[in-house]
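Novice: Sequence first, predicted model second:
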Amino acid sequence: MKKKQKINYSKAHAKYLKRLKKDKFIVIFWQIFLFLAFVGLWELLSSTGAIDPFFFSSPSRIVSTIGELARTGNLWIHIWTSLYETLLGFLIASALGFIIAVILWWSEKLRKILEPYLIILNSLPKIALGPMIILWVGSGTKATIVMCVLICIIITTISMLNAFISCDKDKILLMRSMHANKFQILYKLVLPNALPEFFSVLKINVGMSWVGTIMGEYLSSRAGLGYLINYGSQMLQLDIVMTSIVLLCILAAGMYLCVSPLEKRHNKQIT
Amino acid sequence: MKDFLQFKDVSYFYQTKENEVQALDKVNFSVDEEEFASLVGPSGCGKTTILSLTAGLLEPSSGQILLQGSPIKKNDSRIGYMFQRDHLFEWRSIWQNIKLGLEVQKKNKDEKSLAFADELLRKYDLYNFKNKKPRQLSGGMRQRVALIRTLVLKPALLLLDEPFSALDFQTRLKVCDDVYDIIKQEKKTALLVTHDISEALSMSNKVIILSSRPASTKKIVRLNFSGDTPLKKREAENFGKHFEMIWRNLT
């Protein structure tokens, strides 16, 4: 890195920087304001009785529910179960989907043979397989992970395969004119070329794997946030439902924040 | 060496579902060593097919292609190919891009090859950009990097497939001069495909005019303009005359 040089830019430049700063401030201000306004209004309306806290819960009730769950020790079990299922499902699906896409790229014949199956699997609502999954692998964590993998893997495979195939034909020709074998073309060209797509698939998979986990837990589970939501709604304890949803938001956002720096780092590398 | 590259009655048919399309019909020409030859012809006449055949990416349906007296093999290692666009890999630095061919051929630890790559970079004013990414270079510099990437593998024959067509006109004239200079300095034999008559005239010693599809050799013109760069050659007095003659042969 070069040392930062001190250059005296014109007044217009200073003005420009100032405007950028101001724009950024406005965005952040409104983001925080919206959050506080939403929470505040929610609290206000429920405490004055404008909305029924029994059905809509309220921020303060959510906080006390979290405290209660933490005291009984169940909070961590539920969070950990869901997080574990999601992370495992996410990793398995992303890795397997990637590998399958590589295999399908490698063999055009196989790709043509499997194409209709991929299309059907992609359009099939995976939740329909729920009962079968429970019969095959048993209920609980395992079934949830399988559901999670099923939901993510098809979209991973299809997106990655498309990214591999869309590699510039002339670039492949260039590699061939240098006598690259197929493995070198894959390793030196097709994979690095598809890296941006891989990151965006990972980001999609963060959301999809949470869908899989919650659906899996709805179907059959004894722990997890999906279980908690289901349990809360059946017991008409909407505080528990709302609390679980808030926790879900935090966890999903946290996972997204872990994935997106990978992409940013890559983008920085190529510029 | 005379007849460094020879096309002898080369025909080529493209197979499609509906029918067979003849792209080349008994093409005959030859290029001597260190000569710069250009292929011109009406658009879609099969110029790129000739390059693909020469590179060994396609096989002729009939006839023979000889390089240094021996037939072209599949993916012949004596050939260097330069494309319309530079096709530098954005995720690699300039140095890594230049090393690509060496890596593929497992020569990236070979000190002689690396020293040669280094020398080419220095000679053609790219050394300071060694660690930059392609995105940080101008179009003309990128094309020079692409040429060096090809030259590092020491090909006997360079194939240039409209290597300037993606550049704007100003850059194009400049890069034309640069590339010509590099090819002459490295004493390479080159075969250029272009649709730009003045580009062909200003760069080559020999212009091979092809007929429309299926292409056959219509006329071969030897050139000897005064001036040592393509740009200077454009000012030669009989340049316009030749331009007109070729243009008439194309239509």
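Specialist: Nice, thanks for sending it over.

Novice: any idea which element A:Gly40 lies in?
Specialist: helix A:11-48 (DSSP states H and E).

Novice: So for that helix, mean pLDDT?
Specialist: Helix A:11-48 comes out with an average pLDDT of 93.

Novice: Quick one: distance of it to the chain centre.
Specialist: 26 Å (Cα atoms, centre = their mean, to the nearest Å).

Novice: all strands of the stretch 101-250 of chain A, in order?
Specialist: For the stretch 101-250 of chain A, no strands are identified by DSSP state E, counting those that start in this stretch.

Novice: How about the stretch 1-150 of chain B?
Specialist: B:5-15, B:20-31, B:36-40, B:62-67, B:70-71, B:79-82.

Novice: for the stretch 151-251 of chain B, same thing?
Specialist: B:157-161, B:189-193, B:206-210, B:217-222.

Novice: How much space separates A:Lys169 from A:Arg176?
Specialist: 10 Å (Cβ to Cβ, to the nearest Å). For every residue, glycine as well, the C-beta is placed using N, CA and C.

Novice: which of these two has more neighbours?
Specialist: Between A:Lys169 and A:Arg176, counting by other Cβ atoms under 10 Å in any protein chain shown, A:Arg176 is the more crowded of the two (20 against 8).

Novice: tell me the contacts of that one?
Specialist: Applying Cβ atoms under 8 Å, 6 or more residues apart in numbering or on different chains, we find A:Arg176 in contact with A:Ile185, B:Leu57, B:Asn75.

Novice: how about a cut-off of 7 Å?
Specialist: Shown in contact with A:Arg176 (Cβ atoms under 7 Å, 6 or more residues apart in numbering or on different chains): B:Leu57, B:Asn75.

Novice: ok, A:Ala253 - how many residues close by?
Specialist: 11.

Novice: mean confidence for the helix or strand containing it?
Specialist: Following DSSP H and E, one finds A:Ala253 within helix A:238-270. Averaged over helix A:238-270, pLDDT sits at 89.

Novice: List the buried residues of it.
Specialist: Residues A:238-248, A:251-252, A:255, A:259, A:263 are the ones in helix A:238-270 that count as buried (16 or more other Cβ atoms under 10 Å in any protein chain shown).

Novice: go on, stretch B:7-21?
Specialist: B:Phe7, B:Lys8, B:Val10, B:Ser11, B:Tyr12, B:Phe13.

Novice: Quick check, pLDDT for the residue positioned nearest the centre of chain B.
Specialist: Against the mean C-alpha coordinate of chain B, by Cα atoms, centre = their mean, the closest residue is B:Leu160 at 1.8 Å. You'll see B:Leu160 listed with a pLDDT of 89.

Novice: Equivalent analysis for A:Lys6, please.
Specialist: pLDDT, read off for A:Lys6, is 61.

Novice: Tell me the spacing between the nearest residue to A:Gln237 once chain neighbours are set aside and chain B.
Specialist: Closest residue in space to A:Gln237, ignoring its immediate chain neighbours: A:Tyr231 at 7.9 Å, by Cβ to Cβ, 6 or more residues apart in numbering or on different chains. In this view, A:Tyr231 and chain B are 49 Å apart by Cβ to the nearest Cβ, to the nearest Å.

Novice: quick one: B:Ser11 and chain A, what's the gap?
Specialist: For B:Ser11 relative to chain A (Cβ to the nearest Cβ), the value is 23 Å.

Novice: Report how many residues lie close to the nearest residue to that residue once chain neighbours are set aside.
Specialist: Sequence neighbours aside, B:Ser62 is the residue nearest to B:Ser11 in space, at 4.7 Å (criterion: Cβ to Cβ, 6+ apart). Burial of B:Ser62 is recorded as 12 neighbouring residues (other Cβ under 10 Å).
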